[in-house]
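Asker: what follows is a predicted protein model with its sequence.
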Amino acid sequence: MVSVAFVDDHPFLLEGLQSIFSRRAGFEVVGIGSTCSDAHQIAHDMQPEVIVLDLNMDGDVFVSIHEIRAASPNIKIIAFTASANVNHAVKALEAGASGYVLKGGPLGSLAEAIETVVLGGTYITQGFATKLVTAMKQAKSGDEPKLSSREAQIMRLVLEGRTNKEIGRQLDLTEKTVKYYMTILMQKLNVKNRVGVAVVAQSLASAEMSATPNSYGQ
């Protein structure tokens, strides 16, 4: 059972999310709110596993994401927003969000996002991750980064939500060596943290799936 809270300044949407996820198997709604102040209060009082919040409401949402994550590192945050602005996505992820889900998509994607971040992964709305990586590439100069096979292995494991210790155990590397590879990866991909590495990995994985014909020939 995943404990989740929703914070959004649209009352009808908030009521709908609460109703749907209260009835959905595997989820428990432990709080709702409509402002950044509400998000802080819910995080402090209820300690949900996941807080799903809108980016457009009273208060500085990006600061709130950072402060909530700093005070309660175990709480995962998903930005659930209508904004397809890549700068907003970058700011949310850098502030500490583990997911960025665009409103208007299938409801199942939000449930999938919640389940993904609880397991330690990163979730970006399908298709939007590619735009996010493109923006990152445009912000840097030079040739496309070339990753070694080991770096590519580590990047895939980061996408799966594995910790440095778990990655080291699977690849027979010391945790210190994994940290070194993570530093190199962040430099090559021009990202600031492992969430950025996961975003790039998700984009590459999506591109590979799109390029591979499925069994139905679609």
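Answerer: Happy to help now that I have it. Numbering: from 1, shown residues only.
Asker: now the strands for this protein?
Answerer: Remark: strands assigned in the chain by DSSP state E are 2-7, 27-33, 50-53, 76-81, 99-102, 123-124.
Asker: and the fourth one, how far from the chain's centre?
Answerer: Going by C-alpha atoms, centre = their mean, to the nearest Å, the spacing between the C-alpha centre of strand 76-81 and its chain's C-alpha centre is 7 Å.
Asker: counting by contacts, list what that strand packs against.
Answerer: Counting contacts by 3 or more C-beta pairs under 8 Å, 6 or more residues apart in numbering; DSSP states H and E, strand 76-81 is packed against strand 50-53, helix 61-71, helix 86-95, strand 99-102, helix 107-118. In this view, the C-beta of every residue, glycine as well, is placed from N, C-alpha and C.
Asker: now that strand against helix 61-71, angle please.
Answerer: Per axes from the mean of the first three to the mean of the last three C-alpha atoms, to 10 degrees, the angle that strand 76-81 makes with helix 61-71 is 170 degrees.
Asker: for strand 76-81, list the C-alpha coordinates in CSV.
Answerer: Listed next in CSV are the C-alpha coordinates belonging to strand 76-81 (Å, rounded to 0.1, in the frame of the first residue of the first chain):
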residue,chain,number,x,y,z
LYS,A,76,9.2,11.3,-3.1
ILE,A,77,7.8,14.2,-5.1
ILE,A,78,6.1,14.1,-8.5
ALA,A,79,5.3,17.3,-10.4
PHE,A,80,1.9,16.9,-11.9
THR,A,81,1.4,19.8,-14.2
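Asker: what strands flank that strand, and is each parallel or antiparallel?
Answerer: Sheet pairing of strand 76-81 (DSSP bridges) gives strand 50-53 (parallel), strand 99-102 (parallel).
Asker: can you give me the buried ones in the last one?
Answerer: Within strand 99-102, the residues that count as buried by 16 or more other C-beta atoms under 10 Å are 99-102.
Asker: give me the mean pLDDT for it.
Answerer: The pLDDT scores in strand 99-102 average 93.
Asker: ok, of the helices and strands packed on strand 76-81, where does mean pLDDT dip lowest?
Answerer: Mean pLDDT values for the helices and strands packed on strand 76-81 show the minimum at helix 86-95, a mean of 86.
Asker: that one packs against which elements?
Answerer: Counting by 3+ C-beta pairs under 8 Å, 6+ apart, the packing neighbours recorded for helix 86-95 are helix 61-71, strand 76-81, strand 99-102, helix 128-138, helix 194-211.
Asker: is it possible to get TSV of these that adds distance to R24?
Answerer: Formatted as TSV, those follow (distance: least, C-beta to C-beta, whole Å):
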stretch	distance to R24
helix 61-71	24
strand 76-81	15
strand 99-102	16
helix 128-138	24
helix 194-211	24
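Asker: break the protein down into its domains, please.
Answerer: Following automatic domain parsing, the chain resolves into domains at 2-125, 136-211.
Asker: tell me which of those domains sits most buried.
Answerer: Ranked by mean neighbour count under mean count of other C-beta atoms under 10 Å, those are led by domain 2-125, which reaches a mean of 18.
Asker: end to end, how far does that one reach?
Answerer: The straight-line separation of the ends of domain 2-125 (C-alpha to C-alpha, to the nearest Å) is 20 Å.
Asker: check stretch 18-35 too.
Answerer: Distance across stretch 18-35, first residue to last, is 16 Å (C-alpha to C-alpha).
Asker: ok, now stretch 53-61?
Answerer: 9 Å.
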